[in-house]
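K.L.:
One predicted model, sequence on top.
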Amino acid sequence: MQGKILIIDGISTNRIVLKVKLATAFYQVVQAGTLRDALGLVQSEQPDLIITAINLPDGTAAQLCDHLRARAKTANLPVLAIGSMPDKAVRLATLQAGAFDVMDKPVNEMLLLGRVRNMIRSYHKIVEWQMRDETACALGLAEAPAEFVQSARVSLIGTKAASLQGWARQLQANMRAMYVVSLLPDAMAALHSAPPPDALVLALPDDQIQSDHCLRLISALRASALTRDVALLVLQNTPDPIRATTALDMGADDVMTEGFDAAELCLRLKELLKRKRQMVQMLKSVRSGLREAAIDPLTSLYNRRYAMPFLSRLIDHSTTIDSQFAVVVADMDHFKRINDVYGHASGDAVLIETARRLRETVRGSDMVARMGGEEFLIVMPATDIETARAVAVRLCDAIGRWPFTIPGDHRPVHVTISIGVAPSNPTACKSASALEEAGALLDRADKALYAAKTEGRNCVKYSHPRTRPAA
């Protein structure tokens, strides 16, 4: 099944006719005759789309939207309203309440199915990102939503500049935004010569050749990284179900089939912009969560979860191009004493400063990670052993030469670090898996670290196994 659709209509014949049309397109259909019954089915059936009559025995499509928008779980559920030529006030009230579209009877079956595909596709996209966002929230990784909303940039594209400019003036009276007018032949160049708009209104000409050009522009917009996420509304001066359906299937977010109407266009743009902001916020939250999952929150270095796959990928890459690299394991000396004497807040301050010094001492291409506690890993791509030793000595010096400032204590604290170095083994890399070689490299570097601890600490050792003493 392509999706589940809830049909709401007080007239059973209307529900049956609509169900037959949708069932032939492989949609699962559930039905309700009243607003009350429909709200119960929304909870139990969890539909992907609702198609409702404008007027119901116990309410209206606008009231249905109000109920849905008041609940977080159903706030994004798309609603398509159908009525027998509703007057303009009812139409606008239904759109303002949150309906995606209002279609007049008799409904063109091709356009209906095109609109259904578009709405379900859009809903599934929001639900997918919402699930990822909720996961980030559950992990405590999501950012707070932004309170300030910038004025939107809206681009009007068509073949008649005078008409577009007139539209911009009328739209400005209904919705404050920055409106930019572009002619169809220059549209792509204009869009790529300035910051991308938040929304784009594409006026579909009546001329067939120009109309085809407009439809091709939709594909170009969706194929461009700069404009693929722009909210796109197609406006027809003359109803044409085939072209309207084609526009939706090619990537348009919305279609107005009855010509320009400033009030209705503004309502539709506001809804599209709201959805766009929602998607941007969820995407930002998920990206932030993914970043936090790979970053140590205290030191802002990479963590073990990131470091181990990085090392495995480097092994595969270095084997392919026959390049050597080095692994450095560093462990702070007597760190427990700092926590015991000065407190954990001071210990955290020392770790943060240590991370800063390590990062500033290595190259930009080197990866520095906190592996846990006071232990750090530095991976150096394209590095021979002599270079790795020299860098390791500088790391040791960067920590031990200058004392650390402890918060709340005027006396600086002297801190040192022990380091173990292990170069990659090209022969082993070719004969073992990346995961096995990563483990072997870390084991060799760790044994070199044990040697540094055994021989007095505050020094660098190279792949020399010893029994590890207490820190």
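P.N.:
Nice, I can see it.

K.L.:
In the stretch 201-350 of the chain, where is pLDDT below threshold?
P.N.:
Low-confidence regions of the stretch 201-350 of the chain, defined by pLDDT under 70, span residues 286-287, 289-290.

K.L.:
can you give me the strands for it?
P.N.:
Shown for the stretch 201-350 of the chain, the strands assigned by DSSP state E, counting those that start in this stretch span residues 231-236, 254-256, 326-332.

K.L.:
just so I know, which of these lies nearest Leu156?
P.N.:
Within the strands of the stretch 201-350 of the chain, the stretch nearest Leu156 is strand 231-236; the backing value is 9.3 Å (CB to CB). Yep, even glycine has a C-beta here, placed from its N, CA and C like the rest.

K.L.:
Which strands border the closest one, and is each parallel or antiparallel?
P.N.:
Using DSSP bridges, the neighbouring strands of strand 231-236 in the sheet come out as strand 199-204 (parallel), strand 254-256 (parallel).

K.L.:
how distant is the first one from the center of its chain?
P.N.:
Right, strand 199-204. Between the mean C-alpha location of strand 199-204 and the chain-wide mean there is a distance of 25 Å, by CA atoms, centre = their mean, to the nearest Å.

K.L.:
hmm, back to that, ok, which of the strands paired with strand 231-236 comes nearest Arg15?
P.N.:
The minimum distance between Arg15 and those falls on strand 254-256, with 25.0 Å, by CB to CB.

K.L.:
Have a look at this structure and report its longest helix.
P.N.:
Looking across the chain with DSSP state H, the single longest helix is helix 262-294.

K.L.:
Could you quantify the relative orientation of it and strand 231-236 as an angle?
P.N.:
160 degrees (axes from the mean of the first three to the mean of the last three CA atoms, to 10 degrees).

K.L.:
Summarise which helices and strands helix 262-294 is packed against.
P.N.:
Using 3 or more CB pairs under 8 Å, 6 or more residues apart in numbering; DSSP states H and E as the contact criterion, the elements in contact with helix 262-294 are helix 88-97, helix 109-138, helix 161-174, strand 199-204, strand 231-236, strand 254-256, helix 304-321.

K.L.:
I'd like to know which of the ones you listed lies nearest to Ala434.
P.N.:
Distance to Ala434, taken as CB to CB, is lowest for helix 304-321 among the helices and strands packed on helix 262-294, at 4.2 Å.

K.L.:
Contacts for the closest one next, please.
P.N.:
Contact with helix 304-321 is made by 293-295, 302, 323-325, 327, 367, 369, 371-372, 377, 379, 381-382, 424, 426, 429-430, 434-435, 437-438, 441-442, as judged by CB atoms under 8 Å, 6 or more residues apart in numbering.

K.L.:
Can you select the buried ones from those residues in ChimeraX?
P.N.:
Listed next is the ChimeraX selection for buried residues among the contacts of helix 304-321, using 16 or more other CB atoms under 10 Å:
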select :295,302,324,325,327,367,369,371,377,379,381,382,424,429,434,437,438,441,442
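
K.L.:
on that earlier part again, so can I have JSON lines of the helices and strands packed on helix 262-294 showing distance to Cys266 and mean neighbour count?
P.N.:
Putting the helices and strands packed on helix 262-294 into JSON lines (distance: least, CB to CB, whole Å; neighbours: other CB atoms under 10 Å) gives the following:
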{"stretch": "helix 88-97", "distance to Cys266": "10", "mean neighbour count": "18"}
{"stretch": "helix 109-138", "distance to Cys266": "20", "mean neighbour count": "17"}
{"stretch": "helix 161-174", "distance to Cys266": "4", "mean neighbour count": "15"}
{"stretch": "strand 199-204", "distance to Cys266": "11", "mean neighbour count": "25"}
{"stretch": "strand 231-236", "distance to Cys266": "11", "mean neighbour count": "24"}
{"stretch": "strand 254-256", "distance to Cys266": "11", "mean neighbour count": "24"}
{"stretch": "helix 304-321", "distance to Cys266": "46", "mean neighbour count": "16"}
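
K.L.:
To Thr13, which of those lies closest?
P.N.:
When the helices and strands packed on helix 262-294 are ranked by distance to Thr13, counting by CB to CB, first place goes to helix 109-138 at 16.4 Å.

K.L.:
average model confidence for that closest one?
P.N.:
With pLDDT averaged residue by residue, helix 109-138 scores 78.

K.L.:
Mind checking what helix or strand follows that helix in sequence?
P.N.:
Scanning forward in sequence from helix 109-138, with DSSP states H and E defining helices and strands, the next element found is strand 153-158.

K.L.:
Partner strands of that next one, with direction?
P.N.:
For strand 153-158, the paired strands and their directions (DSSP bridges) are strand 178-183 (parallel), strand 199-204 (parallel).

K.L.:
so how far is the first one from its chain's centroid?
P.N.:
Put plainly, it is strand 178-183. So, by CA atoms, centre = their mean, the centroid of strand 178-183 is 28 Å from its chain's centroid.
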